[in-house]
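**Q** kindly generate the corresponding structure for this input.
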Amino acid sequence: MSKTAISVDHIARVEGHGNVHLTIEGGQVVTCEMNVVEPARLFESMVVGRKFADVPYIASRVCGICSASHVITDILAIERVFGVEVTDRTRALRELLVYGSYLQNHASHLFVFAAPDFLDMASVFPLAQANPALFDSALGLKALGNQLCNLVGGRSIHPITAVVGGFTHEPTRDEYLAMADKLDAEREFARQVVDLFRSFTVPAIATQGDMLAMVADGRYPVCDSRDARFLGAGVTFDADEAAGAAGQIEEYEVSHSAALFARCRQTATPYFTGALARINASWGALSQEAKVAAAKAGLRPPERNPYLNNVAQAVEVLDALARCAELCRRLAEPDGEFAGDSQPVAFGVRAGKGTGFTEAPRGALFHELELDETGRVVHAAIMTPTAQNCANLEADMRVLAEKLVADGAEKPEVQLEVEKLVRAYDPCFSCSVH
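**A** Numbers count the residues shown, from 1 in each chain. Just a heads-up that it's a prediction; the model follows:
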């Protein structure tokens with residue numbers, strides 16, 4: 001392979017539009033570009049001048065899958081400005097809502113986007129014909145995520161019940177218990193999903209970048225911690241320190257992408273955020289069932305192969321089912337630890353700046369808001385997981401291509417594996433230009 005050009009315009013089976021361009025010469029990658037070609041969507045400008053109560057529902061439109069995460073992240077930013085402290089019951093409901101989007105996203109990604117790569121299929125439709133039972137079970141898992149979001153958030157996408165200070169509506173005891181039973185019923189299938197994705201053969205590569213995840217002592221946090229950590233650099237910081245001119249995350253422009261790229265400011269290193277980063281950061285806090293399934297599948301920290309983000313998502317599905325079933329049963333106890341209600345607490349409007357932080361299904365999500373004394377938005381900034389991942393994905397594509405060429409791979413194999421790597425990252429290119 002003296003000189004080879006690989007161009008993939010519009011990567012298939014991903015959210016949004018992205019292109020890949022590689023030039024390989026003499027066994028070396030001389031050009032490696034992850035092109036995000038989506039137009040700017042201007043959500044950050046759209047909310048300027050709007051009242052704080054409107055902002056979460058506007059921002060939720062950034063993504064139809066991660067809408068719950070965008071709502072909760074904006075609410076957390078507003079509560080940071082106003083100094084609002086919510087009840088433990090409200091925190092539990094927010095966790096359920098975010099996990100509902102995990103079930104939606106991971107089921108869709110694993111079976112509609114990723115699985116065909118490893119089953120020699122061009123799309124999910126041959127899978128539906130070849131193995132209808134597997135396909136129907138996957139759709140059932142996705143539907144359960146929809147049901148959980150609908151139960152807690154009032155609808156399956158763009159939730160309406162989560163507001164600053166609490167919730168406007170809460171499920172009944174019977175609804176909690178019925179949902180817990182449904183979640184438990186999916187756990188056997190989820191164990192099979194972990195085994196299925198670990199059975200797929202992937203190239204032995206290791207990401208050259210860092211990893212970023214939310215952290216909390218003794219917990220697997222998704223929306224109730226303010227601490228983020230670069231695992232390789234060992235840098236832990238508060239969400240308010242994430243962005244800005246002196247922030248721990250440095251965003252920068254590249255000529256070949258409409259999305260900003262990102263790197264750790266202290267080390268100038270790109271990084272990965274998502275399920276694999278979360279499992280590396282919080283392995284010890286996984287449910288016992290999920291930990292056993294992951295260990296059986298060979299997924300243990302430190303794991304740096306980005307292809308195994310697929311396996312990590314499968315493990316998170318199993319973990320989420322067990323965690324959410326338990327939460328539903330605890331919330332159903334009238335005199336339990338979550339006694340009381342989730343009605344919005346009283347608060348006062350004031351000027352200030354704050355950052356909300358959650359772990360969206362695809363990775364760390366930050367919303368920075370500055371409000372005036374009337375509660376109107378002066379400035380807004382969003383860092384989505386895919387935008388943060390683009391630089392690291394580009395670096396991993398280079399590592400992968402050079403390894404494959406050194407192993408004697410020809411152009412079709414290199415192109416296929418690069419596409420599989422892109423999909424393993426579970427990107428949402430539409431969200432990256434927010």
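**Q** contacts only, for residue 257.
**A** 33, 34, 35, 36, 390 (CB atoms under 8 Å, 6 or more residues apart in numbering). C-beta coordinates here come from the backbone N, C-alpha and C atoms, glycine included.
**Q** repeat that with 7 Å
**A** For residue 257, the contact set (CB atoms under 7 Å, 6 or more residues apart in numbering) comprises 34, 35, 36, 390.
**Q** I'd say the last one and residue 34 touch.
**A** Yes - the pair residue 390 and residue 34 passes the contact test of CB atoms under 7 Å, sitting 5.5 Å apart.
**Q** please enumerate the strands of the chain.
**A** 3-8, 18-25, 28-36, 162-163, 166-167, 210-214, 227-230, 235-238, 249-252, 261-264, 271-273, 352-360, 363-371, 377-383 (DSSP state E).
**Q** returning to what we had before: neighbour-wise, which of the contacts of residue 257 leads?
**A** The member of these surrounded by the most neighbours (other CB atoms under 10 Å) is residue 34, with 28 neighbours in all.
**Q** picking up where we left off before, I'd like the strands of the chain as CSV, with distance to residue 400 appended.
**A** Listed next are these as CSV, based on distance: least, CB to CB, whole Å:
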stretch, distance to residue 400
strand 3-8, 12
strand 18-25, 10
strand 28-36, 9
strand 162-163, 40
strand 166-167, 44
strand 210-214, 18
strand 227-230, 23
strand 235-238, 27
strand 249-252, 23
strand 261-264, 18
strand 271-273, 14
strand 352-360, 25
strand 363-371, 20
strand 377-383, 25
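**Q** of all those strands, which one is nearest residue 87?
**A** Closest approach to residue 87 among these (CB to CB): strand 166-167, 7.0 Å.
**Q** can you give me the offset of that closest one from its chain's centre?
**A** Here strand 166-167 is found 23 Å from its chain centre; the criterion is CA atoms, centre = their mean, to the nearest Å.
**Q** one more: stretch 219-229?
**A** Distance of stretch 219-229 from its chain centroid, counting by CA atoms, centre = their mean, is 13 Å.
**Q** then that stretch to CSV, C-alphas only?
**A** Extracted C-alpha coordinates of stretch 219-229, given in CSV (Å, rounded to 0.1, in the frame of the first residue of the first chain):
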residue,chain,number,x,y,z
ARG,A,219,-21.1,5.7,43.8
TYR,A,220,-21.7,5.4,40.1
PRO,A,221,-22.8,9.0,39.5
VAL,A,222,-24.8,10.2,36.5
CYS,A,223,-26.4,13.5,37.7
ASP,A,224,-25.7,14.0,41.4
SER,A,225,-22.0,15.0,41.6
ARG,A,226,-20.2,18.1,40.6
ASP,A,227,-16.8,16.5,40.3
ALA,A,228,-15.2,15.6,37.0
ARG,A,229,-11.9,13.8,36.6
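**Q** now that stretch: buried residues?
**A** 220, 221, 222, 223, 224, 225, 226, 228, 229 (16 or more other CB atoms under 10 Å).
**Q** what's that stretch in contact with?
**A** 72, 91, 94-95, 98-99, 212-216, 235-239, 242, 281-282, 285-286, 319, 357-359, 364.
**Q** for the helix or strand of the chain with the lowest mean pLDDT, packing partners?
**A** Ranking every helix and strand in the chain by mean pLDDT, DSSP states H and E puts strand 3-8 at the bottom, with a mean of 84. Secondary-structure packing of strand 3-8 (3 or more CB pairs under 7 Å, 6 or more residues apart in numbering; DSSP states H and E): strand 18-25, helix 411-424.
**Q** for the strands of the chain, which one sits closest to residue 402?
**A** Of all these, strand 28-36 sits nearest to residue 402, with 5.5 Å by CB to CB.
**Q** who does the closest one pair up with?
**A** Strand pairing for strand 28-36, using DSSP bridges, gives strand 18-25 (antiparallel).
**Q** centre of the chain to the partner strand, how far?
**A** Between the centre of strand 18-25 and the centre of its chain there are 26 Å (CA atoms, centre = their mean).
**Q** please pick the buried ones from the contacts of stretch 219-229.
**A** Buried, going by 16+ other CB under 10 Å: 72, 94-95, 98-99, 212-215, 235, 237, 239, 242, 281-282, 285-286, 319, 357-359, 364, out of these.
**Q** surely residue 417 meets residue 203?
**A** Yes - using CB under 7 Å, residue 417 is in contact with residue 203, at 6.1 Å.
**Q** of the two, which one has the most company?
**A** More neighbours surround residue 417 than the other of residue 417 and residue 203, with 21 against 17 (other CB under 10 Å).
**Q** quick one, what contacts the residue nearest the centre of the chain?
**A** Geometric centre of the chain, nearest residue: residue 362, 1.7 Å, by CA atoms, centre = their mean. Residue 362 is in contact with 66, 274, 385, 386, 426, 428, counting by CB under 7 Å, 6+ apart.
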